[in-house]
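[1] Sequence first, predicted coordinates after that:
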Amino acid sequence: MMPDNNKVVSIIPPTITLTVGSAGGTGYCDTRGFDHLQLILTEIIQTETVQVQTLMIGENDTVPANAGQLTPIPALSCAAAVTTTALNVLPSPNSVVSNIYRWNIDLKGRKRYIGIQYVPGVTASVDHVACIGILSRCQSGPPEAVSTNLTGTTIASALRLDASV
């Protein structure tokens, strides 16, 4: 039996509530056996003046005990201003609708564990944050898949999923 080509994992549980001065929400996933990761982070804030301090994407070869053990990936990380560890500036948040951040990561050449750290802004009252990861395998299917349609004509085709960025 062939394993599933997609797997959804919870990285930061949807029940987390962050307040001013909190260390933030951190989570990671094991990417072993997968070729592509899509991270989706949803943030609900109460006031539009709140600015997320950091959205750091990092990696490690061993299970990270905390965000400090993740090596930042600057090209994927975000902050209120450009820094050496975050090359992307966060947009102003919206308090009316959810703020959704999405990253597509090619896992080729990456370390086994990919994680995210969310640190709320210094003026944040309450942030509700959740993050999921969608892991994908970019493998070829069988060289020829055969099926029969209603008229009895045989259709042969090859299938390839290429989700890398």
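    Arrived safely, thanks for sending.
[2] tell me which strands and helices the top strand by length along the chain is in contact with?
    Secondary structure of the chain per DSSP state E: the longest strand is strand 6-18. For strand 6-18, the elements it packs on are strand 25-30, strand 36-45, strand 113-119, strand 127-136, judged by 3 or more Cβ pairs under 8 Å, 6 or more residues apart in numbering; DSSP states H and E. Any C-beta I mention is one placed from the backbone N, CA and C, and that applies to glycine too.
[3] Okay, angle between the last one and strand 36-45 too, please.
    Right, strand 127-136. Here strand 127-136 runs at an angle of 170 degrees relative to strand 36-45 (axes from the mean of the first three to the mean of the last three Cα atoms, to 10 degrees).
[4] What strands line up against strand 127-136, and which way round?
    Paired strands of strand 127-136, with direction, are strand 6-18 (antiparallel), strand 36-45 (antiparallel) (DSSP bridges).
[5] Which among these is found nearest to Ser136?
    strand 36-45 (4.3 Å; Cβ to Cβ).
[6] relative to strand 25-30, how tilted is the closest one?
    160 degrees.
[7] Check which residues of strand 36-45 are buried.
    Within strand 36-45, the residues that count as buried by 16 or more other Cβ atoms under 10 Å are 36-39, 41-45.
[8] and which of those residues is nearest Asn99?
    Nearest to Asn99 among the buried residues of strand 36-45, with distances taken as Cβ to Cβ, is Glu43, at 4.4 Å.
[9] how many neighbours does His128 have?
    Look at His128: counted by other Cβ atoms under 10 Å, it has 15 neighbours.
[10] Oh, that last question was meant for Thr54, not what I typed.
    Using other Cβ under 10 Å, Thr54 has 20 neighbouring residues.
[11] What is the burial count for the closest residue to it other than its chain neighbours?
    Closest residue in space to Thr54, ignoring its immediate chain neighbours: Val119 at 4.1 Å, by Cβ to Cβ, 6 or more residues apart in numbering. As a burial measure, Val119 scores 20 neighbours (other Cβ under 10 Å).
[12] how near is Val119 to Gly25?
    8 Å (Cβ to Cβ, to the nearest Å).
[13] still on that earlier bit, quick one: the helices and strands packed on strand 6-18 as a markdown table, columns for distance to Ile73 and mean pLDDT too.
    Supplementary listing: these in a markdown table, determined by distance: least, Cβ to Cβ, whole Å; pLDDT from 0 to 100:
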| stretch | distance to Ile73 | mean pLDDT |
| --- | --- | --- |
| strand 25-30 | 13 | 90 |
| strand 36-45 | 11 | 86 |
| strand 113-119 | 8 | 89 |
| strand 127-136 | 14 | 86 |
